[in-house]
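Enquirer: sequence and computational prediction follow.
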2 protein chains.
Amino acid sequence: MGVVRMRMTVAYDGSEFHGFARNEGVPTVAGSLGDALASVLGHPVEIVCAGRTDRGVHARAQVISFDADMERADPVRLVRAINRMCAPRISVSRASIESPDFDARRSCTGRVYRYRVLNSPVPNPLAAGLCWHVERPLDLRAMRTAADRLLGVHDFSSFCRRNPSKEHQSMVRTVRRAVWWLEGDVAVFEIEASAFCHQMVRSLVALLVSVGLGRHKPSDVGAIIAARDRSATPSPAPPHGLVLWAALYDAAATADHHR
Amino acid sequence: MGVVRMRMTVAYDGSEFHGFARNEGVPTVAGSLGDALASVLGHPVEIVCAGRTDRGVHARAQVISFDADMERADPVRLVRAINRMCAPRISVSRASIESPDFDARRSCTGRVYRYRVLNSPVPNPLAAGLCWHVERPLDLRAMRTAADRLLGVHDFSSFCRRNPSKEHQSMVRTVRRAVWWLEGDVAVFEIEASAFCHQMVRSLVALLVSVGLGRHKPSDVGAIIAARDRSATPSPAPPHGLVLWAALYDAAATADHHR
């Protein structure tokens, strides 16, 4: 069978998935998508993604790549079929055929995440699925000052859960953007980096919210990074506030051969 | 026991409730709230609400009233206790003691509802719980023209589900505002009226969306109202797009004795 490399942009509500990565016996995004793709394409599918989101984390524009039987790799038909099979939890906004060296993970040059914090004295049931609720007032100015300290190249070991089987893995990452803004009573954090290590965004948010509550000072951030020690950092913020917002690719890698 | 009339503003995610009204054996908003209030106040509670929302319909600011033992009717304590017991599906933003003639339903001078339509070729899992997804492009201008025809005093029998036991009930209502706007790819409809009859907002939305899709013309609205016949109207739009946004009261009725 001749194969082509396909790319898809997918969104999902992470609340009922045990994360992106396939894990037999529990519902996962890759499991649901892989089963749907296999049934449309008529062969098993190995999915690579831009960012392996954890259990409960959502995505607005995750990018995946996989090989497909060229006879059946019709992007328009695939989008329609997968949306029919996977709605409402997962949707596909776009599919394309790429050059054979396109790889959703290795070709990706940057990831953008957003984290939402509902900052109000009372909960909001209509925002509960997508926001971490923090009751006490946050000092957004201090949180912005603290976020600025994250910019640039750092060893983020203090914020990352290490895989015991990869003890010497580098935790050096480049943060290009880290900003907070308000949408009504929701404080939104957006961070862009070359890549993220495991639980990094949620650990950073936990620290920045701690700064916003006055438990840490913006000037503590440098020392916490320098410590390269997870025990110095508050526990990660809850997953349901986090959304993989976008995956970035160089123009060359994103040139679609067929749309 | 001396009693005081209490008022509360509550929000809820309607997706897992079988509507507002208590209905033994199934989860309802009044059932959950009533049980929580009874356990805090130490006596059963009869809840009156501004708008009896249907199964699956949400509320941002529903208003309820009930009588409470004056010894235990501490608004601040009640808000905290109910939020602790009912989160994340139901929350209370405010409670107050009112004059004994305050009645959440009869004192209410207007209700505001919002309805959200996601208008995009693909679904959006992160908006699926709060939006009706309509794939084909909507003509918002036609929908606005049609909405204008709803303004004023009309017999809305064509849009209302009649209670068979109240056959001669009047369906005359006064619509004060009916507007559409866009938030990204979500078309938001806001309607304010003196009161609404059963399924009225969802039936109106169904007709306006039908206008937006070119199946009806804005000029059809007058004839459909005049027909006073439900069979002329498309089936109601799905409940999960609808939010009871606000309940309005005259200043005199809203003067809180204690906050």
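Expert: Good, I have the coordinates. Numbering: from 1, shown residues only, chains lettered A, B, ... in the order given.

Enquirer: residue numbers of chain A in contact with chain B?
Expert: Residues of chain A found near chain B (CB under 8 Å from any CB of the partner chain) are A:11-13, A:58, A:60, A:79, A:83, A:87-93, A:122-126, A:128-130, A:133, A:243. C-beta coordinates here come from the backbone N, C-alpha and C atoms, glycine included.

Enquirer: and the residue lying closest to A:R55 once chain neighbours are set aside, how many residues sit next to it?
Expert: Nearest residue to A:R55 in three dimensions, chain neighbours excluded: A:G19, at 4.3 Å (CB to CB, 6 or more residues apart in numbering or on different chains). Here the number of neighbours of A:G19 (other CB atoms under 10 Å in any protein chain shown) works out to 20.

Enquirer: cool, A:V112 as well?
Expert: Around A:V112 there are 19 other residues, counting by other CB under 10 Å.

Enquirer: got a list of what A:A104 touches?
Expert: A:R7, A:V48, A:C49, A:A50, A:V63, A:I64, A:S65, A:A247 (CB atoms under 8 Å, 6 or more residues apart in numbering or on different chains).

Enquirer: quick revisit: just the buried residues out of the residues of chain A next to chain B, in PyMOL syntax.
Expert: Command for PyMOL that selects the buried part of the residues of chain A next to chain B, burial taken from 16 or more other CB atoms under 10 Å in any protein chain shown:
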select buried, chain A and resi 11+12+13+58+60+79+83+87+88+89+90+91+92+93+122+123+124+125+126+128+129+130+133+243
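
Enquirer: can you tell me which of the residues of chain A next to chain B end up in helices?
Expert: Members of those lying in helices (criterion: DSSP state H): A:V79, A:N83.

Enquirer: from the residues of chain A next to chain B, which land in strands?
Expert: Of the residues of chain A next to chain B, the ones assigned to strands by DSSP state E are A:A11, A:Y12, A:H58, A:R60, A:I90, A:S91, A:V92, A:S93, A:H133, A:V243.

Enquirer: now, among those, which is nearest to A:G212?
Expert: A:H133 (13.7 Å; CB to CB).

Enquirer: can you count the residues close to the residue lying closest to A:W132 once chain neighbours are set aside?
Expert: Leaving aside its sequence neighbours, A:W132 sits nearest to A:G241 (CB to CB, 6+ apart; 3.9 Å). Using other CB under 10 Å, A:G241 has 28 other residues around it.

Enquirer: my guess is A:G241 contacts A:N119. True?
Expert: No: the criterion here is CB atoms under 8 Å, and A:G241 misses it with A:N119 at 11.6 Å.

Enquirer: wait, what's in contact with the residue nearest to A:W132?
Expert: By CB under 8 Å, 6+ apart, the contact set of A:G241 is A:Y115, A:R116, A:V117, A:L130, A:C131, A:W132, A:V205.

Enquirer: what's the closest of those to chain B?
Expert: Nearest to chain B, judged by CB to the nearest CB, of these is A:L130 at 6.7 Å.

Enquirer: which residue ranges form the strands in the stretch 1-150 of chain A?
Expert: A:3-12, A:48-49, A:58-69, A:90-98, A:108-119, A:132-134 (DSSP state E, counting those that start in this stretch).

Enquirer: now for the shortest one, which elements pack on it?
Expert: What that stands for is strand A:48-49. With contacts defined as 3 or more CB pairs under 8 Å, 6 or more residues apart in numbering or on different chains; DSSP states H and E, strand A:48-49 has these neighbours: strand A:58-69.

Enquirer: so how far is the strand it packs on from its chain's centroid?
Expert: Centroid separation for strand A:58-69 versus its chain: 12 Å, with CA atoms, centre = their mean, to the nearest Å.

Enquirer: between strand A:3-12 and that strand, find me the angle.
Expert: Note on geometry: by axes from the mean of the first three to the mean of the last three CA atoms, to 10 degrees, strand A:58-69 and strand A:3-12 are set 160 degrees apart in direction.

Enquirer: strand A:58-69: partners in the sheet, and parallel or antiparallel?
Expert: Paired neighbours of strand A:58-69 in the sheet (DSSP bridges): strand A:3-12 (antiparallel), strand A:48-49 (antiparallel), strand A:242-249 (parallel).

Enquirer: low-confidence stretches in chain A?
Expert: A:252-259 (pLDDT under 70).

Enquirer: change it to 90
Expert: A:1, A:161-169, A:231-232, A:251-259 (pLDDT under 90).

Enquirer: break it down into its domains, please.
Expert: Domain assignment for chain A by automatic domain parsing gives A:3-106, A:109-245.

Enquirer: got the end-to-end distance for the last one?
Expert: Chord length of domain A:109-245, first to last residue, is 14 Å (CA to CA, to the nearest Å).

Enquirer: just want the residue of the stretch 151-259 of chain A that's nearest chain B.
Expert: A:V243 (7.1 Å).

Enquirer: residues contacting that residue?
Expert: A:V243 neighbours (CB under 8 Å, 6+ apart): A:V57, A:H58, A:A59, A:R60, A:Y113, A:R114, A:Y115, A:R116, A:L130, B:L126.

Enquirer: now do the contacts for the second one.
Expert: The reference is to A:H58. With contacts defined as CB under 8 Å, 6+ apart, A:H58 is in contact with A:A11, A:Y12, A:D13, A:G14, A:S15, A:L130, A:H240, A:L242, A:V243, A:L244, B:P125, B:L126.

Enquirer: check the third one too.
Expert: A:A59 is in contact with A:V10, A:A11, A:Y12, A:G14, A:F20, A:V29, A:G51, A:T53, A:V243, A:L244, counting by CB under 8 Å, 6+ apart.
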